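*Asks:* Compute the structure for the input listed below.
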Amino acid sequence: MKVTESKFIILVLYVDDILLGTNNIVMSYEVKKFLFSHFEMKEMNEVSFVIGIQIFRDRSQELLSLSQKGCINKGLKRFIMDKCFAEIVQIQKGYKFSQNAMP
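*Replies:* Here you go, the predicted model:
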């Protein structure tokens with residue numbers, strides 16, 4: 001990560017993939033220029049999915065959101081819990097949880 005005044009750029013490297021995140025487009029171009037001059041690379045489109053993480057952007061509201069819903073669903077299916085539903089369980093204040101607790 002490089003920080004200059006209020007500008008920053010984050011470079012994430014995973015095997016042969018590089019992700020850049022920045023709040024300054026000029027800094028992004030400088031880093032890309034440096035990388036292209038030292039390594040054989042090709043530029044891809046904006047990322048929407050990487051290493052099991054889905055990336056959502058809403059540029060109009062300046063929001064970035066990450067989701068691992070796919071990984072969670074895969075884990076639930078693996079442990080045969082993909083058909084389970086959440087339910088509210090009332091617990092008295094001060095209840096002590098233990099392995100020997102009876103319902």
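*Asks:* From now on I want contacts and neighbour counts done on CA atoms only, so please keep to that.
*Replies:* Fine.
*Asks:* quick check, residue 72 in a helix?
*Replies:* Yes: inclusion of residue 72 in a helix is indicated when DSSP: H, G, I helix; E, B strand; the rest coil is applied.
*Asks:* just checking, what packs against the longest strand anywhere in the chain?
*Replies:* The single longest strand within the chain, with elements called by DSSP state E, is strand 7-14. Packed against strand 7-14, as judged by 3 or more C-alpha pairs under 8 Å, 6 or more residues apart in numbering; DSSP states H and E, are the following elements: strand 2-4, strand 17-22, helix 25-38.
*Asks:* looking at those, which is closest to residue 71?
*Replies:* For residue 71, the closest of the helices and strands packed on strand 7-14 is strand 17-22, at 19.9 Å, according to C-alpha to C-alpha.
*Asks:* how much does the closest one deviate in direction from strand 7-14?
*Replies:* Note on geometry: by axes from the mean of the first three to the mean of the last three C-alpha atoms, to 10 degrees, strand 17-22 and strand 7-14 are set 170 degrees apart in direction.
*Asks:* Just want the angle from the longest strand of the chain to helix 25-38.
*Replies:* Orientation note: strand 7-14 sits at an angle of 40 degrees relative to helix 25-38 (the same axes, to 10 degrees).
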